[in-house]
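**Student:** The following block contains a protein sequence and its predicted model.
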Amino acid sequence: MAGVSVLILTKNEEINIERCIRSVAWSDDIVVFDSFSDDRTVELAERLGARVIQRKFDNWSAHQNWGVENIKFKHPWVYYTDADEICDDQLRDELLSLDKNGESFSAFQVRRKDYFTGRWLKRSQLYPTWITRVFRPEKIRYERLVNPVAVVTGETGKLDGHIIHYPFSHGIGHWFDRHNRYSQMEAADLVNEVTEKIRFSDFFSKDAAVKRRALKTLAYKMPGRPVLMFLYLYFFRLGLLDGLPGLRYSIMRSMYEYMIDLKVLEYRYTETEGKGSTL
């Protein structure tokens, strides 16, 4: 068996959990970290041989930090995945060889392919974005309320395999519901982050997380951000080559940015006028 534990975060994922667990069945330590699902997620996970640990979700960084600090994993390496993702064969093979090839590293970053109506959003979903998903639990912690940034102590490498992501597996309405919640947390983070000074050197950092954070902070200081996001994804990143799914997704992303802007406005108005004031 592989020397890698698998951590799956869930909340009402009965439609995804079986596919996800079967894609990582090569591990003998699969942990489902559940936020008290009220569907069949836990039942299905236990039936497939996973351990289930439950904790009430508060925010992304607090939840993930609790997981890496308190869950007793069987192996020194952990591969973290969401329930609406699967691990491709190349990534599986790389994970299976970590005992031999990962000795000098604390974590590894992986690329993800996002699908919408059966099509890979290769250009309109900012591919390749490197995300830290393989780590030694004692070497990682997370920051930010949503879209958490992984802070790693030690060297971070990169793997060639991919995570396959189905962000619309619960339906388009669920995507909007989820991003409505995310935009609230993004706005709370941004009220503080946009006041931070940008370090020029961060734009050229070898750490993808640091570079991404600097670009994001810069982006949130720019006027007309939702429109710029659409133009960036659809024209500059050539999302138009992703066909109709690329157009639809680019519009949805610009709508998400507008939701964030509105909630930042709400935060600042409330701070200025006081709680209970009419927006």
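**Tutor:** Arrived safely.
**Student:** Show me what the helix or strand where Val42 lies is packed up against.
**Tutor:** Assigned by DSSP states H and E, Val42 belongs to helix 41-47. With contacts taken as 3 or more C-beta pairs under 8 Å, 6 or more residues apart in numbering; DSSP states H and E, helix 41-47 sits against strand 4-10, helix 17-23, strand 30-34, strand 51-54. Using the backbone N, CA and C atoms, a C-beta is placed for each residue, glycine as well.
**Student:** residues of that helix that come out buried?
**Tutor:** Neighbour counts using 16 or more other C-beta atoms under 10 Å place Thr41, Val42, Leu44, Ala45 of helix 41-47 among the buried residues.
**Student:** With respect to Cys20, which of the residues you listed is nearest?
**Tutor:** Ala45 (9.3 Å; C-beta to C-beta).
**Student:** Find the nearest non-adjacent residue to the closest one, please.
**Tutor:** Of all residues beyond its chain neighbours, the one nearest Ala45 is Val32 (4.3 Å), with distances taken as C-beta to C-beta, 6 or more residues apart in numbering.
**Student:** Out of the helices and strands packed on helix 41-47, which gets nearest to Val210?
**Tutor:** Closest approach to Val210 among the helices and strands packed on helix 41-47 (C-beta to C-beta): strand 4-10, 23.6 Å.
**Student:** Can you check the pLDDT for the residue nearest to Ala45?
**Tutor:** Per-residue confidence at Val32 stands at 98 (pLDDT).
**Student:** and it, how many neighbours does it have?
**Tutor:** Each residue near Val32 was counted by other C-beta atoms under 10 Å, and the total is 26.
**Student:** and what of the one 5 residues further on?
**Tutor:** Neighbour count for Ser37, taken as other C-beta under 10 Å: 21.
**Student:** next one: Tyr220
**Tutor:** As a burial measure, Tyr220 scores 17 neighbours (other C-beta under 10 Å).
**Student:** From here on, call the first residue 38.
**Tutor:** From this message on, residue numbering opens at 38, which makes the last subject Tyr257.
**Student:** Would you check that it makes contact with Asn229?
**Tutor:** No: with contacts defined as C-beta atoms under 8 Å, Tyr257 does not count as touching Asn229, sitting 11.1 Å away.
**Student:** So which residues of the stretch 188-316 of the chain form helices?
**Tutor:** In chain order, the stretch 188-316 of the chain shows helices spanning 209-230, 245-256, 262-268, 280-310, with DSSP state H, counting those that start in this stretch as the criterion.
**Student:** hmm, back to that, just curious, which of the buried residues of helix 78-84 is nearest to Tyr295?
**Tutor:** Top of the list for closeness to Tyr295, among these and by C-beta to C-beta, is Thr78 at 32.1 Å.
**Student:** give the contact list for that closest one.
**Tutor:** Taking C-beta atoms under 8 Å, 6 or more residues apart in numbering as the definition of contact, the neighbours of Thr78 are Thr47, Lys48, Asn49, Glu50, Glu51, Ile54, Val69, Asp71, Ala120.
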